[in-house]
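[1] Predicted model and sequence follow; I will ask about them next.
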Amino acid sequence: MELRELVGRWGRLTERMKRSGMRWREAGGQAILTLRGWAQSDRFAAAWSLLSATYRAEISLPDQIESVYGHAA
């Protein structure tokens, strides 16, 4: 890949990250760039299965919980 092509890609990427109303902390911006890199390199499925296995957690709901319709589920 030529330097000119890399610079062009970097410019388009920074444009997307700096759109109106967007605010990124370093960690959030890096997470988006990492996900995009995985997708562009056809490694997303493998990376996502590792990531989701690492951060998966069991949850439980209380016995009496109201649904969005106002009655017990």
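    It's in. Numbering: from 1, shown residues only.
[2] distance of the most centrally placed residue in the chain from Leu13?
    With distances taken as C-alpha atoms, centre = their mean, Ile32 lies nearest the centre of the chain, 5.2 Å away. The spacing between Ile32 and Leu13, counted by C-beta to C-beta, to the nearest Å, is 10 Å. The C-beta positions use only the backbone N, C-alpha and C, and glycine is treated the same way.
[3] now do Gly28
    For Gly28, the distance to Leu13 - C-beta to C-beta - is 15 Å.
[4] same thing with Leu61?
    As for Leu61, its distance to Leu13 is 40 Å (criterion: C-beta to C-beta).
[5] Can you list the neighbours in contact with the helix or strand where Thr34 lies?
    In this structure, Thr34 sits in helix 26-40 according to DSSP states H and E. Residues from elsewhere that reach helix 26-40 (C-beta atoms under 8 Å, 6 or more residues apart in numbering): Leu13, Met17, Trp24, Phe44, Ala47, Trp48.
[6] Next, the buried residues of stretch 24-44.
    Judged by neighbour count (16 or more other C-beta atoms under 10 Å), stretch 24-44 contains these buried residues: Trp38.
[7] Helix or strand, whichever it is, which one in this structure has the lowest mean pLDDT?
    Least confident helix or strand of the chain, by mean pLDDT, DSSP states H and E, is helix 3-17 with a mean of 70.
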